[in-house]
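Colleague: Just need the structure, nothing else, for what follows:
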Amino acid sequence: MRTISNFEPYAGRPTPAPLLVRVATTGSTNDLARHLQRDPRIDTPHLTTVVAERQSAGRGRLGRAWYAPEGRSLTA
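Modeller: Below is the predicted model of the structure:
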């Protein structure tokens, strides 16, 4: 449930816009997102999204391999 307390860090200031990172190829969009979040030089606001046309090392639940045809899958 959303409450005003969720937004207190930004009280009186505009909320930063989410960042959209688009790459042609990556090993894993989750790994890339994690790297971006941990790099102090990169501002990754809430709802930052990573999009890739192709993943070479995608993983599903329980560490299972993940495959989706290039440019033909939208997953979240």
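Colleague: list the contacts for residue 54?
Modeller: By Cβ atoms under 8 Å, 6 or more residues apart in numbering, residue 54 lies in contact with 24-26, 70-71. Quick note: C-beta positions are derived from backbone N, CA and C, even for glycine.
Colleague: go again using 6 Å as the cut-off
Modeller: Counting by Cβ atoms under 6 Å, 6 or more residues apart in numbering, residue 54 makes contact with 25, 70.
Colleague: That one belongs to a strand, doesn't it?
Modeller: Yes: with DSSP: H, G, I helix; E, B strand; the rest coil as the criterion, residue 54 is part of a strand.
Colleague: could you pull out the helices for the protein?
Modeller: Here the chain has its helices, by DSSP state H, at 29-38.
Colleague: Please read off the pLDDT at the most centrally placed residue in it from the model.
Modeller: Nearest to the centroid of the C-alpha atoms of the chain, with distances taken as Cα atoms, centre = their mean, sits residue 49, at 3.4 Å. pLDDT recorded at residue 49 is 88.
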